[in-house]
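Provided below for reference: sequence and predicted model.
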Amino acid sequence: MAVSEKAPIPGTHKPGLKREIGFIGLIWASEGSIIGSGWLFGAQGALAAAGPAAIISWAIGGVAILILALVHAELGGMYPVSGGTARFPHYAYGGAAGASFGWFSWLQAATVAPIEVLAMITYGQHYSWAHGWEKIKGGEHVLTGSGIAVAVGLMAVITAINFLSIRLLARTNSAATWWKVGVPLLTIFVFAIATFHSGNFTAADGFNPYGAKGILSAVSTSGIIFALLGFEQADQLAGESAHPKRDIPRAVIGSIILGIIIYILLQVVFLAALPANQIGHTWADSAFNALSGPFAQVATLISLGWLATILYLDAVISPGGTGLIYITGSSRVSYGLSRNGYVPSAFEKTNGRGVPWVGLITAFVIGCICFLPFPSWRSLVGLITSASVLMYAGAPLSFGVFRNRLPDAHRPYRLPGGSWMSPLAFCVANLLILWSGWTTDWKLGVAILIGYVILVANRVFKMNPITPELDLHAAQWLPAYLVGMGLIVYLSDFGPLKHPWFPLWWDMVVTAGFSLVIYYWAMAVALPAEKIQHMIDQVVIPEEEEIL
């Protein structure tokens, strides 16, 4: 039931995207997103939350994200279309589920750039000329009026760079990412050589002072998951990859493995380099927690002023590079959503360089608006983490459907043990949502409702000539999933109740059990193979043929 592979869908714009990104551009797109503002603060926050056992927290977070990345690797190789993570659920479950996960994906991508801009301004407080851009309010650095103006200006610069052709953008990002990866590696090497106090691993109140809850809380609350986000950027740019079926799986897997190694080593050397006067009787109350630029200030304390200078410079370049690639990714997600008929068809318009400019401008405007309700780095990081993980949850569901309904489809990379890795990945995603806590998750719920208002308006006012079928039968599990996860988090040890219904460990058992029920329910009601193939042929084949 394939649609003619030469004719585009009536009423849509010719994509105009160009396949110009090689393997290095793809892996650096993902790696540049993983190595962002998180590395400069992650080791400090994790050590305060879990003590030296934070090393275990990084390992747990790394394994969790790797499981999700492996699922994305197979999907990205199968269907290399622009904004892939927003579109896989559409093929498996139709309009209602596809629109929902598409919104989660766009929400995540569009809000990362402003948080990286906030990080750049916060780190810039080291310089006297930037002091007026932020003030201390409630223990956090928040933007002042002049700070908001600077933030908007930085967003404009990042957006303007994205109007370059994708080839030039990939080269710009690759150059920035060489720096972004090189500086953490340099820091690891120099810290390990300059000073390594092995006694620090058992100092203060011990290696694991806060037990299992401290280790797990560090995964979700100290920035570990946020730091590891970004591997999916290779999937988002799949429609512009020169050799997508070969390069995308390698880029997704390679970027996350490299990121995990770097972050674990950073945690080890940060801990081992701390001078004795920075470690108190407990890790949670030690002096190092007050450092505003942890790695740079520790470098100064151990007489490595030249390295501190490099780190302060990196604190601008590293977040800036991550913001750059996420603005790129958000415009490609909105492009993909438009191709599926969820948002106005204007988002498919590209300029002469093959850049979807409407999506770029929209991401810029939304990013600037974020500075008003979220004027600090920490106030926005939790929302992004939860939205990212919820977006990731759509991949294992789609993976399971494609394995069951389309077993003979070509898979350039085939995940070993996919039949059990897929439900495991879905469980992992929901555990990460649980560990994010109620304080974060209720805000995500509000953002989800706003998204549904936008999606309904697009359909009611017919702003896109494509009207996708809602396929409500195939998405019948979705309301139960969203509401059920919200209730579990609320009633768990990570919720607001003084006496939670589900104490520690039991809340994880309940989450895992609930996840399996939703997973197999979703498998049972997914679209039939014929309809899945028909929808894939409608979008994937024409898009691959029309890309320049």
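Sure, I can see it.

just give the nearest non-adjacent residue to the residue positioned nearest the centre of the chain, would you?
The chain has Leu229 as the residue nearest its centroid, 3.8 Å off, counting by Cα atoms, centre = their mean. In space, Leu229 comes closest to Ser388 once its chain neighbours are excluded; the distance is 4.9 Å by Cβ to Cβ, 6 or more residues apart in numbering. Glycine gets a C-beta too; all of them are placed from N, C-alpha and C.

hmm, back to that, tell me who's in contact with the residue nearest to the centre of the chain.
Ser33, Ile34, Ile65, Val112, Ile384, Thr385, Ser388 (Cβ atoms under 8 Å, 6 or more residues apart in numbering).

how close does the last one get to Ser286?
Applying Cβ to Cβ, to the nearest Å, the value for Ser388 to Ser286 is 30 Å.

picking that back up, which strand or helix spans the residue nearest to Leu229?
helix 377-405 (DSSP states H and E).

ok, back up a step: more neighbours, Ser388 and Ser286?
Ser388 (28 against 20; other Cβ atoms under 10 Å).

quick one, what contacts the more buried one?
Gln108, Ile225, Phe226, Leu229.

mind checking how far the residue lying closest to Ile27 once chain neighbours are set aside is from Leu324?
Of all residues not flanking Ile27 in the chain, Ala251 sits nearest, at 4.1 Å (Cβ to Cβ, 6+ apart). Going from Ala251 to Leu324 by Cβ to Cβ gives 17 Å.

the two: which has the busier surroundings?
The neighbour count for Ala251 versus Leu324, taken as other Cβ under 10 Å, is higher for Ala251 (31 against 25).

give me phi/psi at Ala475?
For Ala475, the backbone dihedrals are phi -110, psi 20 (criterion: degrees, to the nearest 10).

now do His141
The phi/psi pair for His141 (degrees, to the nearest 10) reads phi -80, psi 120.

can you check the one 4 residues further on too?
Torsion angles at Gly145 (phi, psi; degrees, to the nearest 10) stand at phi -60, psi -50.

now the residue nearest to the centre of the chain: how far from Thr159?
21 Å.

cool, Pro465 as well?
Noted for Pro465: a distance of 28 Å to Thr159, by Cβ to Cβ.

and the strands in the stretch 51-200 of the chain, which stretches?
134-137, 140-143 (DSSP state E, counting those that start in this stretch).

with only the CA atoms kept, save the next helix or strand after the helix holding Ser388 in PDB.
As assigned by DSSP H and E, the chain's next helix or strand after helix 377-405 is helix 418-436. What follows is helix 418-436, C-alpha atoms only, in PDB (Å, rounded to 0.1, in the frame of the first residue of the first chain):
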ATOM      1  CA  GLY A 418      15.400  -6.500  21.800                       C
ATOM      2  CA  SER A 419      12.400  -8.500  23.100                       C
ATOM      3  CA  TRP A 420      13.400  -7.800  26.700                       C
ATOM      4  CA  MET A 421      15.500  -4.700  26.200                       C
ATOM      5  CA  SER A 422      12.500  -2.800  25.000                       C
ATOM      6  CA  PRO A 423      10.200  -3.200  28.100                       C
ATOM      7  CA  LEU A 424      13.300  -2.700  30.300                       C
ATOM      8  CA  ALA A 425      14.000   0.600  28.600                       C
ATOM      9  CA  PHE A 426      10.400   1.700  29.200                       C
ATOM     10  CA  CYS A 427      10.700   0.800  32.900                       C
ATOM     11  CA  VAL A 428      14.000   2.700  33.100                       C
ATOM     12  CA  ALA A 429      12.400   5.800  31.600                       C
ATOM     13  CA  ASN A 430       9.600   5.700  34.100                       C
ATOM     14  CA  LEU A 431      12.000   5.200  37.000                       C
ATOM     15  CA  LEU A 432      13.800   8.300  36.000                       C
ATOM     16  CA  ILE A 433      10.500  10.200  35.900                       C
ATOM     17  CA  LEU A 434       9.800   8.900  39.500                       C
ATOM     18  CA  TRP A 435      13.200  10.000  40.700                       C
ATOM     19  CA  SER A 436      12.700  13.500  39.300                       C
END
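
just the angle between the next helix or strand after helix 418-436 and helix 377-405, please?
Next along the chain after helix 418-436, taking DSSP H and E as the criterion, comes helix 438-460. Counting by axes from the mean of the first three to the mean of the last three Cα atoms, to 10 degrees, helix 438-460 lies at 60 degrees to helix 377-405.

so what touches helix 438-460?
Here helix 438-460 makes contact (Cβ under 8 Å, 6+ apart) with 99-100, 103-104, 107, 342-344, 382-383, 385-387, 390, 433, 463-464, 467, 482, 485-486, 489-490, 494-496.

could you list the single helix or strand in this structure with the lowest mean pLDDT?
helix 233-236 (a mean of 65; mean pLDDT, DSSP states H and E).

ok, the nearest residue to Leu143 once chain neighbours are set aside - contacts?
Using Cβ to Cβ, 6+ apart and skipping the chain neighbours, the partner closest in space to Leu143 is Pro375 (4.4 Å). Pro375 makes contact with Leu118, Val142, Leu143, Gly147, Ile148 under the criterion Cβ under 8 Å, 6+ apart.

check contacts around the fourth one.
Translated: Gly147. Ile121, Gly132, Trp133, Glu134, Pro375 are the contacts of Gly147 under Cβ under 8 Å, 6+ apart.

of the contacts of helix 438-460, grab the buried ones for PyMOL.
Selection of buried members from the contacts of helix 438-460 for PyMOL, criterion 16 or more other Cβ atoms under 10 Å:
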select buried, resi 99+100+103+104+107+342+343+344+382+383+385+386+387+390+433+464+482+485+486+489+490+494+495
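
need the contacts of Pro375 in JSON lines with distance to Gly214 and pLDDT, can you?
Converted to JSON lines, the contacts of Pro375 look like this (distance: Cβ to Cβ, whole Å; pLDDT from 0 to 100):
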{"residue": "Leu118", "distance to Gly214": "27", "pLDDT": "88"}
{"residue": "Val142", "distance to Gly214": "28", "pLDDT": "86"}
{"residue": "Leu143", "distance to Gly214": "32", "pLDDT": "90"}
{"residue": "Gly147", "distance to Gly214": "34", "pLDDT": "93"}
{"residue": "Ile148", "distance to Gly214": "36", "pLDDT": "94"}
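
list just the nearest of the residues you listed to Tyr312.
Nearest to Tyr312 among the contacts of Pro375, counting by Cβ to Cβ, is Leu118 at 16.6 Å.

distance check, the residue nearest to Leu229 against Leu266.
Applying Cβ to Cβ, the value for Ser388 to Leu266 is 21 Å.

distance of Gly102 from Ile262?
31 Å.

of these two, which one has the most company?
The residue with more neighbours, out of Gly102 and Ile262, is Gly102; 30 against 20, by other Cβ under 10 Å.

ok, the more buried one - contacts?
Gly102 neighbours (Cβ under 8 Å, 6+ apart): Ala86, Arg87, Pro89, His90, Val333, Gly336, Leu337, Asn340, Tyr342.

please work out how many residues are found near the residue nearest to Leu415 when sequence neighbours are not counted.
The shortest distance from Leu415 to any non-neighbouring residue, by Cβ to Cβ, 6+ apart, is to Glu74 (4.7 Å). By the measure other Cβ under 10 Å, the count of residues near Glu74 is 24.
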